[in-house]
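[1] How does the following fold in three dimensions:
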Amino acid sequence: MNKILIFIVFAMANVAHANTLPGIPSFDVDCPGKVVVHADQDGPVLINSKEAVTKAIDDRRFEARGSGITISIILADDDSVTVSSTGKAPNGLCQSVDD
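    Next up, the predicted model:
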């Protein structure tokens with residue numbers, strides 16, 4: 001019984017951190033088609049409040065997929081962030097949301 005409990009706790013901890021990815025910046029944007037994207041520093045990325053599957057293309061470019069949408073995240077040399085979306089909603093550049 002203790003082995004099963006330990007396994008369940010370990011599995012849940014791994015799932016909770018499955019979509020963290022060092023290098024992802026923190027941002028909030030609105031994308032075409034009323035798509036809202038939020039990212040915490042180093043992930044996760046949320047598309048319309050649902051956690052997306054993220055991957056690094058390289059150390060300055062990332063991709064998040066979920067809800068039929070692909071979000072491209074690009075870090076410029078000055079650390080500014082450009083976010084765009086493609087998929088079932090209209091494609092285009094996302095606009096930063098002011099706090």
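[2] what are the phi and psi angles of the closest residue to residue 29 other than its chain neighbours?
    The spatially closest residue to residue 29, leaving aside those adjacent along the chain, is residue 94, at 3.8 Å (Cβ to Cβ, 6 or more residues apart in numbering). To be clear about C-beta, it is placed using only N, CA and C from the backbone, and glycine gets the same treatment. The phi/psi pair for residue 94 (degrees, to the nearest 10) reads phi -100, psi 150.
[3] residues in contact with residue 94?
    Contacts of residue 94 were listed using Cβ atoms under 8 Å, 6 or more residues apart in numbering, and they are 29-32, 35, 37, 71, 83-85.
[4] a markdown table for those residues, including pLDDT, secondary structure and neighbour count?
    Putting those into a markdown table (pLDDT from 0 to 100; DSSP: H, G, I helix; E, B strand; the rest coil; neighbours: other Cβ atoms under 10 Å) gives the following:
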| residue | pLDDT | secondary structure | neighbour count |
| --- | --- | --- | --- |
| 29 | 98 | strand | 21 |
| 30 | 97 | strand | 15 |
| 31 | 97 | strand | 24 |
| 32 | 96 | coil | 15 |
| 35 | 95 | strand | 20 |
| 37 | 97 | strand | 24 |
| 71 | 98 | strand | 25 |
| 83 | 98 | strand | 23 |
| 84 | 98 | strand | 16 |
| 85 | 97 | strand | 24 |
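[5] Could you pull up the residues touching residue 53?
    Contacts here follow Cβ under 8 Å, 6+ apart; on that basis residue 53 touches 19, 64-66.
[6] do residue 34 as well
    residue 89.
[7] distance of the residue nearest to residue 29 from residue 86?
    Going from residue 94 to residue 86 by Cβ to Cβ, to the nearest Å gives 11 Å.
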